[in-house]
Each structure stands twice: as structure tokens, then as C-alpha cells.
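Participant: can you look at this prediction? I've put the sequence above it.
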Amino acid sequence: MPHKTLTEILLIDYRWIIVVFFLLPASFLYNLFYSVRSKIIFKLHSAPKRHDAKVAGIQKQVRQWKESGSKTKMCTARPGWQTMSFRKPMYKKSSYQINCNLVDVLEVDTDRKVVRCEPLVSMGQLSETLAPLGWTIPIVPELDDLTVGGLVMGTGVESSSHIYGLFQHICLSYELVLADGSVVKCSETENSDLFYAVPWSYGTLGLLTAVEIKIIPASTYIRLHYEPVVGLQNIVDKFESASRDTKRNQYVEGLLYTLDEAVIMTGEMVEDSEVEPEKINDISKWYKPWFFVHVRDILKRREKTYEYIPLREYYHRHSRALFWEIQDIVPFGNNVIFRYLFGWLLPVKVSLLKLTQTETVKKLYENNHIIQDLLVPTSTMKKCCEEFDRLVNVYPVWLCPFLLPNNPGMLQPAKGMESDLYVDIGVYGVPKGRRFHPVDTTRAIEDLVEKSKGFQMLYADTYRSREEFRRMFDHGLYDKMRQKYQCQDGFPEVYDKVNKNVRD
Ligand SMILES: Cc1cc2nc3c(=O)[nH]c(=O)nc-3n(C[C@H](O)[C@H](O)[C@H](O)COP(=O)(O)OP(=O)(O)OC[C@H]3O[C@@H](n4cnc5c(N)ncnc54)[C@H](O)[C@@H]3O)c2cc1C
Ligand SMILES: NC(=O)C1=CN([C@@H]2O[C@H](COP(=O)(O)OP(=O)(O)OC[C@H]3O[C@@H](n4cnc5c(N)ncnc54)[C@H](OP(=O)(O)O)[C@@H]3O)[C@@H](O)[C@H]2O)C=CC1
Ligand SMILES: CC(C)=CCC[C@@H](C)[C@H]1CC[C@H]2C3=C(CC[C@]12C)[C@@]1(C)CC[C@H](O)C[C@@H]1CC3
């Protein structure tokens, strides 16, 4: 690397100074402000009254776009640095941006078992609203700042997905503003073709304005069992059998620490009366070790054990360490002194990290880092883990099972007519293999995923060509919906929003 300036040294080698002294306090204040605001708005019940006016505002903007000659395509005005992806979308600059300031939980209907919310509601905000009422959505993707809109239009997966499927599968209806400015509601029974086409459409069929999501009763604690397993075949067998045992295991997750060693975690909600107080672990308390370190210690001790974790803390267990990505930015972040002094300021907001990363840091990540989630049938899990080990050799690896039902839409299960059990293999970190090349290696991984009849999560870089992309994702229904709702002028195709050339 050429000679670095003092500013570069500060921004790359000592990025933690910026993070610890500026970004952490800023994240804390930001979260505090919005948490208080969200509570007040929810208590006042003012959001539902304002929702229709806000939707009318979006319709007005779409009509203005039409009147201005529909020259460029539309997208939301949410700035690229705020999104939960390593990249900034470049198409935003040249698109007609529609301001969708829809940030509130609208209604919790415990009779119908539904929560209705606006698309910018975050997972942290939603779990914080529902938990005190004794309810939860069945799948809570773990990073606090993931939004309902992003998870519907992209996808969401969590350790309860082996029962409930992906985030789209717990959604009951969507309200959208279409390219002609009209508002439409779709569900399994109303405009069902549109309902099935919306997930993975990345805002290219319409602008999402509200989502109804199923809710289930929530306990205060979950009992989490940790089982260290040695040998890849044993790991795969244990993971698969745990995932298929949906009666016993409400939550299943694996952390693979080497190709041969993993901890498989299974959990269930428990009544307060079942909780053994001496076995409670408040894992998100500021002085506690990061979750993946806690689990690694259990692996080192080869200790089969269990503990009781407050439900919200379990849901957001990977937020504080951004899975394990924060260790590259604040290497001493898990040190006990740091945790006691600054731990309470975590998690740092991904959006602020993105906003303050310099071009050099971005290039460093681009060339020496991988962030990918590969969704493959569990029958191919062993082969995929072996190949990812050969290609990138990054650990820990996140293993999260999910059920893929045979619904119409972009994702078709490998087995054709039947729903299938899949696994999300998440590789995040610095590849140790000397052979790593950002494009060639990612393409090799993508080829393997395609051969395995799997899918790539699209918040991450994709180097597929348009044809390869269309082979991975079934565009049959999507193309029909784009025609039916005259999207050609209004919105780009999914590929034109997610391919590497339109992301910086
Ligand atoms: C662009 C953008 C715009 C937004 N606009 C709005 C808006 O206008 N209105 C709005 O309401 N929200 C908005 N949000 C969402 C908001 O900023 C936050 O993401 C959200 O409110 C944070 O909620 P949280 O309490 O879960 O987060 P945190 O800051 O993590 O938590 C707050 C409190 O919960 C505790 N806590 C954290 N994790 C756990 C856990 N696992 N278990 C138990 N306790 C825990 C903490 O100790 C803390 O006391 C916006 C987000 C974005 C990205
Ligand atoms: N556990 C998990 O499941 C995790 C999931 N993720 C991924 O992160 C992404 C979500 O991140 P987040 O920051 O919340 O979302 P983003 O802002 O990244 O939005 C994702 C896509 O959804 C579109 N979109 C969002 N809101 C609307 C709306 N109201 N109307 C129309 N289109 C909309 C965006 O369109 P536009 O470009 O026009 O704004 C964009 O194409 C998903 O892709 C998800 O798969 C990441 C980490 C963990
Ligand atoms: C559980 C699933 C499905 C995905 C988890 C993905 C996360 C690990 C990544 C999503 C966005 C990523 C970003 C970073 C680290 C990894 C993620 C949190 C950075 C914070 C890394 C440092 C850069 O400077 C900014 C990145 C922003 C996005």
C-alpha cells in the first residue's frame, strides 16, 4: 500500500478512535431519541390517524412523477448509507426519489393476532413495542436496524425460520402505491398474484406503505441449549435433525468455528415458573462477552449446557458485535475493561459506520473481506461448507435453517412440488485462503449455490450476469406482475437494483 497520510492512518488503523469516541455516543443518542419517540407515538396512538395522509402524500409524489413525463424510474428516498448492506445504491442518484416517511407501528390487534406497521419500522423498535404487551412476531431478524420494508422487499431469516419460513412467510398483507399512483392491498386472498410477487422484488413493483404481520404470544425467557459437536458429518446430522424437530425446538442456530467444530443451539420459550434463576444469563448486558465469544467458550469447554435468556436479548444477540464484524473495527471491544467502560454504548449503528467509512476503508473491505449469505438445501450443506472452507476459510460461519414452502414467486424449492428445508450459510470476515479474489471467489461461490439449487441474499454483492440471475430466481410471476401493473416506466428491474455495477 502507498504511503498513508496522517488522516488515513487515523481513519484506517485507528478507526476505533472515531468509533468509540464519536460513533458510539452518536448511536446511543440516536437510538435513545427514536426509542422515546416511538414509545410516545405508540402511547398517543397518533400514527394510525396520520397514516392515510402520509400515503396520500406518496400518491401525490407519484402523480407528480407522471406529470413530469416519467423520464426516470422511481425508488425510495431513503439514503443509501442508511441501508443494511455494505454497498451504497448508485441508482438512487439518477432516480426519481419518493419520500416515504413511514416509521411507525400502527396497530397491535391481539384478537386477530396481527401487527400492522409502516415499512421503516425497525426490528429493534418492533420487538421493543411488542414484548411488553406479551407478543412477538414469529421471526425477528436479529440486527436492530433492519426494517420491515427492507425485509419484505428483500428477505429476512432467523433461528425460528425452520418453522415459519422467511420474513415474507409471516406477512399477511401488503399495502402498496403502484406506478399509476393508485393504492392496492394484497394478501393470500386479495390480489394474491401481486402478494406472492412482492417478496424479493426490491421495490420494483410498487412502493410499500404498510404491512400486516402475524404475531404470536411471547414468553419473557427462552431456554437455550448449547451442544458442542465435532466432525462435519455429525454437525450436519445434528443441525438437520434439530431443525426437523419443530415440536421440540422453536429456535435452531449453529455457529461453525472450524470445519470440524460447531455449537448447535436449540431453544424454546418457557413459562416464568419454569425458569431456574441461577441459570439466567442476561447476554446483552454491557459487561457481558459478545455472544459468539460466549458460545466459543462453551465449545472450548466441550460443555453441553443450557441457560435462560430474556427473549429480546436472545433476538438481538448478534447486534452488539454485528455477528463478529465489530472485532475488525474495535479489536479490543470484548476486553473486560472496555466492556465495563463503553459496553453500554453498543451497538454501533451500521448506518454511521457506512457514513463515515473512507474510500480506502471501502477498498480494503472490498478486496480483503467477504460478506455473503448463501441459502442452500440442507442436503447440500456438507458439500457447501467444505467448498466455502476451501474458497474463503472464514470462521465463525453462521448456520440458520429455514423452511422454503412451495409458493409462487421468485424462490422455488429445489424439490419442485414440495417445500424443502434450507440453510442460510453466512460467511462474514477476512478470508484466510491466499487464493481469495473478490470477483472470482464470489463467482465460484455463486456457481456452487446455483448448482446446489440455492439462492444468494441480495443485500450482499452479486456478480451474476442478467441471465445467471434469472436462472437463480424464477421471474415467471414477477414478469407478469410488472406487465400487469405497468412497472416498466415506473421502476427498474430487480437485477438493475442489485447487481454489482449499480452498487458502490
Ligand atoms: C433511517 C431511519 C429512520 C428511523 N426513523 C425512526 C422514526 O422516525 N421513529 C422511530 O420510532 N424509529 C425510527 N427508526 C428506528 C430507530 O432509530 C431505532 O432503530 C430503534 O428505535 C431502536 O430501537 P431499540 O430500542 O431496539 O434499540 P437499542 O438502542 O438497541 O435499545 C434501546 C434500549 O433497549 C435495550 N436493549 C437493546 N437490546 C436489547 C436486548 N436484546 N434485550 C433487551 N434490551 C435491549 C437497551 O439497553 C436500551 O435501553 C429509524 C431508523 C432508521 C434507520
Ligand atoms: N437476518 C436477516 O435476515 C438479514 C437481512 N439483511 C438484508 O438487509 C436488507 C434490509 O435492510 P434495510 O436497511 O432494512 O432495507 P433497505 O433499505 O436496504 O431496502 C432493501 C430493498 O427494499 C426496498 N424497499 C424498502 N422499503 C421500501 C418501500 N417502502 N417501498 C418500496 N421498496 C422498499 C428498497 O428499495 P429502494 O432501493 O428504492 O430504497 C431496497 O431495494 C434486506 O435485503 C435483507 O435481506 C441483512 C442482514 C440480516
Ligand atoms: C444474518 C444475515 C442474513 C446477515 C448478516 C449480515 C451482516 C453481518 C452484515 C450486514 C451489513 C454489513 C455491514 C458491515 C459488517 C457486516 C454487516 C453488518 C460493516 C459494518 C463492516 C464495516 C464497514 O465499514 C461498514 C459495513 C456496513 C455493512
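Facilitator: Thanks, I have the structure now. Computed from a predicted model, the values in this text were never measured in an experiment. Ligands and ions are numbered 1, 2, ... in the order given.
Participant: and stretch 56-76, what's buried?
Facilitator: By neighbour count on 16 or more other CB atoms under 10 Å, the buried set for stretch 56-76 is 57-59, 61-62, 65, 73-76. For every residue, glycine as well, the C-beta is placed using N, CA and C.
Participant: count the neighbours of the closest residue to ligand 1 within the chain for me.
Facilitator: The nearest approach of the chain to ligand 1 comes at G124, 2.2 Å away (CB to the nearest ligand atom). Per other CB atoms under 10 Å, the neighbour tally for G124 reads 23.
Participant: please name the nearest non-neighbouring residue to T305.
Facilitator: Y226 (5.3 Å; CB to CB, 6 or more residues apart in numbering).
Participant: wait, is the one you found part of a helix?
Facilitator: No: using DSSP: H, G, I helix; E, B strand; the rest coil, the assignment for Y226 is strand, not a helix.
Participant: offset the numbering so it begins at 161, please.
Facilitator: Happy to do that; since the first residue is 161 now, the last one works out to Y386.
Participant: that one contacts R456, correct?
Facilitator: No: between Y386 and R456 there is no contact under CB atoms under 8 Å: 10.8 Å.
Participant: quick one: common contacting residues for these two?
Facilitator: Residues touching both Y386 and R456 by CB atoms under 8 Å, 6 or more residues apart in numbering: V423.
Participant: just the CA coordinates of the strand or helix carrying D533, formatted as PDB?
Facilitator: Under the criterion of DSSP states H and E, D533 resides in strand 530-537. Taking Å, rounded to 0.1, in the frame of the first residue of the first chain, the C-alpha atoms of strand 530-537 are listed here in PDB:
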ATOM      1  CA  ILE A 530     -16.400 -11.300   2.400                       C
ATOM      2  CA  ILE A 531     -20.000 -10.700   3.400                       C
ATOM      3  CA  GLN A 532     -22.300 -13.300   1.900                       C
ATOM      4  CA  ASP A 533     -25.400 -15.300   2.900                       C
ATOM      5  CA  LEU A 534     -25.900 -18.400   0.800                       C
ATOM      6  CA  LEU A 535     -29.300 -20.100   1.000                       C
ATOM      7  CA  VAL A 536     -28.900 -23.800   0.000                       C
ATOM      8  CA  PRO A 537     -30.900 -27.000   0.600                       C
END
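Participant: flag every buried residue along the helix or strand that that strand is followed by.
Facilitator: Per DSSP H and E, strand 530-537 leads on to helix 541-551 as the next helix or strand towards the C-terminus. Using 16+ other CB under 10 Å as the test for burial, helix 541-551 gives 541, 544-545, 547-549, 551.
Participant: how far away from the center of its chain is helix 541-551?
Facilitator: 22 Å (CA atoms, centre = their mean, to the nearest Å).
Participant: that helix packs against which elements?
Facilitator: helix 392-404, strand 530-537, strand 557-564, strand 580-589, helix 598-611 (3 or more CB pairs under 8 Å, 6 or more residues apart in numbering; DSSP states H and E).
Participant: hmm, 7 Å instead?
Facilitator: When contacts are defined as 3 or more CB pairs under 7 Å, 6 or more residues apart in numbering; DSSP states H and E, helix 541-551 sits against helix 392-404, strand 580-589, helix 598-611.
Participant: nearest to Y190, out of those?
Facilitator: strand 580-589 (23.7 Å; CB to CB).
Participant: and that closest one, what does it pack against?
Facilitator: strand 530-537, helix 541-551, strand 557-564.
Participant: and that strand, anywhere near ligand 3?
Facilitator: Yes: with CB under 6 Å from any ligand atom as the criterion, ligand 3 is reached by strand 580-589 at 586, 588.
Participant: so is the strand holding D533 next to ligand 3?
Facilitator: Yes: legend: contact between strand 530-537 and ligand 3 by CB under 6 Å from any ligand atom is shown at 531, 533.
Participant: contacts for that strand?
Facilitator: 246, 544, 552, 554, 574, 580, 582-589, 591, 602, 605, 609, 612-617, 620 (CB atoms under 7 Å, 6 or more residues apart in numbering).
Participant: pLDDT (mean, whole number) over it?
Facilitator: In this model, strand 530-537 has a mean pLDDT of 98.
Participant: now tabulate the helices and strands packed on helix 541-551 in JSON lines and tack on mean pLDDT and distance to ligand 2.
Facilitator: Formatted as JSON lines, those follow (pLDDT from 0 to 100; distance: least, CB to the nearest ligand atom, whole Å):
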{"stretch": "helix 392-404", "mean pLDDT": "98", "distance to ligand 2": "17"}
{"stretch": "strand 580-589", "mean pLDDT": "97", "distance to ligand 2": "8"}
{"stretch": "helix 598-611", "mean pLDDT": "97", "distance to ligand 2": "15"}
